[in-house]
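A.B. asks: Need a 3D model of the following:
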Amino acid sequence: AESKLSAPPKLTTLLERDPYLHDYSPHIINRYKQYQDLLHDIDDKEGGLLKFSNSYKRFGINRNSANTGLVLREWLPAAKAVHLFGEFNDWNRTSHPCTRDDFGVWTLELPDVNENEAIPTGSRVKLAVTTESGEVVERIPAWITRAVAHESNMYYEGVYQPRPSYEFRHPRPTLKGAPKIYEAHVGISGEEPAIASYSHFTEFVLPRIHDLGYNTIQLMAVMEHAYYGCFGYQVTSFFAASSRFGPSEDLCKLIDAAHGFGIVVLLDVVHSHASKNTLDGLNMYDGSDAGYFHGSGRGYHNLWDSRLFNYTGWETLRFLLSNLRYYLDVYQFDGFRFDGVTSMLYLHHGLGRVFTGYHDYFDPSVDVEACVYLMLANKLVHEVLSNGITIAEEVSGMPTLCRPIEEGGFGFDYKLGMAIPDMWIKILKEKKDEEWDMGNIVHTLENRRHLEPTIAYAESHDQALVGDKTLAFWMMDKDMYTHMSTMSEPSMVVDRGMALHKMIRLITQSLGGEGYLNFIGNEFGHPEWLDFPRVGNGESYQHARRQWHLVDDDLLKYKFLNNFDRAMNKAEAESGWMSAPPAYVSLKHEGDKVIVFERGGLVFAFNFHWDKSYQDYKIGVQDAGCYMPVLDTDSSEFGGHARVDASCKHFTQPEAWNHRANSMMVCHCRRKMTNLTGVAGVFTITMCHRFQENRIVLN
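C.D. replies: The predicted structure is shown next:
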């Protein structure tokens, strides 16, 4: 069907906000027209996007419409014959043939036997696929909802499982304020060197997340992946929640419990690529090089060693859109973090490219087909859930990514600020204290597109993987093994590291975006790195776990970082600085190593100097009045030295300073540690002040 609209209805709004897009409006219009054309085709052929995405109720193994038996439905267009076999028929590969329609969809009716389903719940099933060459290969049904590892080898097998019948007790919560995201991996969430379960996460980790003040959880590695060490990014069975963490019902219970805490739950969804596995994945599913993927070179991601979807394929669209709908409906996820969006947006996948201007975002290397799929995906999520949340993992800076589809955008709610953690790691790896560049720090934290919300973070799972290490370990390294006890002798390395750990998180959350993300355990300065069991480490789980005892031990200093994380989130929830307009930075002093800015009615002041203390340091503020401390990283509650008096009042003077209407004096104490001779480095204090109608309330 021809599109009735030639341009996005609110394109003018977009162009008024960003005049630089005027020259590229034909590209935006073309993208939107292709989206509209595809949407109209879905309306005409499938009865609309919502009905189309409900295909998970028809494909795979489901009850038939008459409720008299099961029906298998799978798409294998290049197959010459398809048979279903498994434990239900003693692994007979020829007794249950499927029939093919004109579109390559194979169907098999399985009537109930004595009022029992022909395939018992929990029994293993496979497809015997006769390829064009006549070879018979075994495959797991693409729409299977459960896959388990074979007891005698590393491959996974499909299991017939009806959709979970769990009854959710708690309604979906509405996100209050900006998202404060706790990025988590169920398998590593336990203390023991083993794979943890959904039920363990629910019982032991959820209460911690709630206590810390996070309002959003982002669950990684839920979609089934045969190789545990891939971190969930080489998906083999898209509709199967990972069985290594326990029963599917336990995932329902986890999400229900999170909703009971008022926490929304996002799925880390991988639609940018798929595992190359054939025996337990989608690769060569019908014996051909294509199927759900592009054929030949375009269908392969050489760096990731994986397959790439053909986003123009009708059945690929059905598969992926239904996959989103399935997790929203069945497991009650509240939205998605889309992995690998940069790879999807460009035919070059962002590899070896430096994006220097708008022309890089609108040249022939852009994969418009993938762009249209992302627009459809966002429309679907927001039609199913009015409060649904979508986040793009995108590093190129593609304009309009987080603008409404009606303006010509992609419709994402947020994008990840991926340059921020890269900056912190680069600074810690390559720079001495005295070389820290205040201007570069501020620029990186502020460098985001206006009105395209960003999730800021200091470190995620990427920075903790083997070959790298957590920020805490970069700053304190081996001293964490000897000087994290409250009873041990003072260590300048630990004192400095803890102070910077708090400062980095606070300035990232307050200046870097409209949302915030933390990876499980990093809130308390989890030491070392993350490494999944593999041949190279002797299949060890030693670094694939979370050492909760460190933060629970009252004699260790990890509790102080945990306390600060909780207080920071609490202060943000009360003041809403991430929901406020971007900050006004009044000072980034290279000599003093001081950064000052205002946001959300607060004044933030940071002293990053390696050995200078400042008494009565003059800063500029816009609003006149009396200011008092709200959050102080040097508080004894956070492992500091309590050198700032929380009851101290800071009165403004009617003297313009640093382009602000008023000024005031603040104490930026920082003293050398005279009892540690020969050690360079000192404590850091960060303060944030609240102005409230000339009357200050200490939080």
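
A.B. asks: Number of residues surrounding residue 105?
C.D. replies: As a burial measure, residue 105 scores 17 neighbours (other C-beta atoms under 10 Å). To be clear about C-beta, it is placed using only N, CA and C from the backbone, and glycine gets the same treatment.

A.B. asks: list the contacts for it?
C.D. replies: 73-75, 315 (C-beta atoms under 8 Å, 6 or more residues apart in numbering).

A.B. asks: tell me the phi and psi of it?
C.D. replies: The phi and psi torsions at residue 105 (degrees, to the nearest 10) take the values phi -90, psi 130.

A.B. asks: That one and residue 73, how far apart?
C.D. replies: Look at residue 105 and residue 73: by C-beta to C-beta, to the nearest Å, they are 6 Å apart.

A.B. asks: what's the answer for residue 383, then?
C.D. replies: In this view, residue 383 and residue 73 are 24 Å apart by C-beta to C-beta.

A.B. asks: The two: which has the busier surroundings?
C.D. replies: Neighbour count, other C-beta under 10 Å: between residue 383 and residue 73, residue 73 has more, with 18 against 14.

A.B. asks: which residues pair with that one across the strands?
C.D. replies: residue 60, residue 107 (DSSP bridges).

A.B. asks: oh, and call the first residue 738 from now on, that's how I've got it
C.D. replies: That works, and once the first residue is 738, the last one we named lands at residue 810.

A.B. asks: Isn't it up against residue 794?
C.D. replies: No. Residue 810 is beyond contact range of residue 794, at 10.2 Å (criterion: C-beta atoms under 8 Å).

A.B. asks: Which helix or strand contains the closest residue to residue 1285 other than its chain neighbours?
C.D. replies: Nearest residue to residue 1285 in three dimensions, chain neighbours excluded: residue 928, at 5.3 Å (C-beta to C-beta, 6 or more residues apart in numbering). Assigned by DSSP states H and E, residue 928 falls within no helix or strand.

A.B. asks: Output the below-cut-off pLDDT ranges for this structure.
C.D. replies: 738-742, 1203-1204, 1405-1436 (pLDDT under 70).

A.B. asks: need the longest helix for it.
C.D. replies: helix 762-783 (DSSP state H).

A.B. asks: CA atoms of it as CSV?
C.D. replies: Extracted as CSV, the C-alpha positions of helix 762-783 are listed here (Å, rounded to 0.1, in the frame of the first residue of the first chain):
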residue,chain,number,x,y,z
SER,A,762,15.3,16.4,5.7
PRO,A,763,15.0,14.3,2.5
HIS,A,764,16.7,11.5,4.2
ILE,A,765,14.4,11.8,7.3
ILE,A,766,11.3,11.9,5.0
ASN,A,767,12.5,8.9,3.0
ARG,A,768,13.1,6.9,6.2
TYR,A,769,9.7,7.9,7.6
LYS,A,770,7.9,7.0,4.3
GLN,A,771,9.4,3.5,4.3
TYR,A,772,8.3,3.1,7.8
GLN,A,773,4.7,4.3,6.9
ASP,A,774,4.6,2.0,3.9
LEU,A,775,5.7,-1.0,5.9
LEU,A,776,3.2,-0.1,8.7
HIS,A,777,0.4,0.1,6.1
ASP,A,778,1.4,-3.3,4.6
ILE,A,779,1.2,-4.8,8.1
ASP,A,780,-2.2,-3.3,8.5
ASP,A,781,-3.4,-4.7,5.2
LYS,A,782,-1.9,-8.2,5.4
GLU,A,783,-1.8,-8.9,9.2
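
A.B. asks: Give me the buried positions along it.
C.D. replies: 762, 764-766, 768-776, 779, 783 (16 or more other C-beta atoms under 10 Å).

A.B. asks: With stretch 1276-1293 instead?
C.D. replies: For stretch 1276-1293, using 16+ other C-beta under 10 Å, the buried residues are 1278, 1280-1283, 1285, 1287-1288, 1293.

A.B. asks: how near is residue 892 to residue 876?
C.D. replies: Taking C-beta to C-beta, one finds residue 892 at 11 Å from residue 876.

A.B. asks: between the two, what contacts are shared?
C.D. replies: By C-beta under 8 Å, 6+ apart, the residues touching both residue 892 and residue 876 are residue 1016.

A.B. asks: And those two? Which one has more around it.
C.D. replies: Neighbour count, other C-beta under 10 Å: between residue 892 and residue 876, residue 876 has more, with 25 against 17.

A.B. asks: Apart from its neighbours in sequence, what residue is nearest that one?
C.D. replies: Counting by C-beta to C-beta, 6+ apart, the nearest residue to residue 876 once its immediate chain neighbours are dropped is residue 864, at 4.6 Å.

A.B. asks: Neighbours of the one you found, how many?
C.D. replies: Look at residue 864: counted by other C-beta under 10 Å, it has 27 neighbours.

A.B. asks: May I ask which helix or strand encompasses it?
C.D. replies: strand 861-867.

A.B. asks: Just give me how far that strand sits from the chain centre.
C.D. replies: 35 Å (C-alpha atoms, centre = their mean, to the nearest Å).

A.B. asks: What is the next helix or strand after that strand packed up against?
C.D. replies: Using DSSP H and E, the helix or strand that follows strand 861-867 in sequence is strand 873-876. Here strand 873-876 touches strand 861-867, going by 3 or more C-beta pairs under 8 Å, 6 or more residues apart in numbering; DSSP states H and E.

A.B. asks: Report all helices and strands that the strand it packs on contacts.
C.D. replies: So strand 861-867, by 3+ C-beta pairs under 8 Å, 6+ apart, packs with strand 818-823, strand 873-876, strand 893-896.

A.B. asks: The first one vs strand 861-867, what angle?
C.D. replies: So the one you mean is strand 818-823. If you take axes from the mean of the first three to the mean of the last three C-alpha atoms, to 10 degrees, strand 818-823 sits at 160 degrees to strand 861-867.

A.B. asks: Give me the contacts around strand 818-823.
C.D. replies: 809, 811, 813, 828-835, 837, 843, 845, 847, 856, 860-867, 897.

A.B. asks: Buried only: go through these for me.
C.D. replies: 809, 811, 813, 833, 835, 837, 843, 845, 847, 856, 861-867, 897.

A.B. asks: Identify the residues contacting the strand or helix carrying residue 1322?
C.D. replies: Applying DSSP H and E as the criterion places residue 1322 in strand 1321-1326. With contacts defined as C-beta under 8 Å, 6+ apart, strand 1321-1326 is touched by 1175-1176, 1178-1179, 1183, 1248, 1331-1336, 1356-1359, 1394-1397.

A.B. asks: Kindly write the PyMOL command that selects the buried subset of these.
C.D. replies: Per 16+ other C-beta under 10 Å, the buried members of these correspond to this PyMOL selection:
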select buried, resi 1175+1178+1179+1248+1331+1332+1333+1334+1335+1336+1356+1357+1358+1394+1397
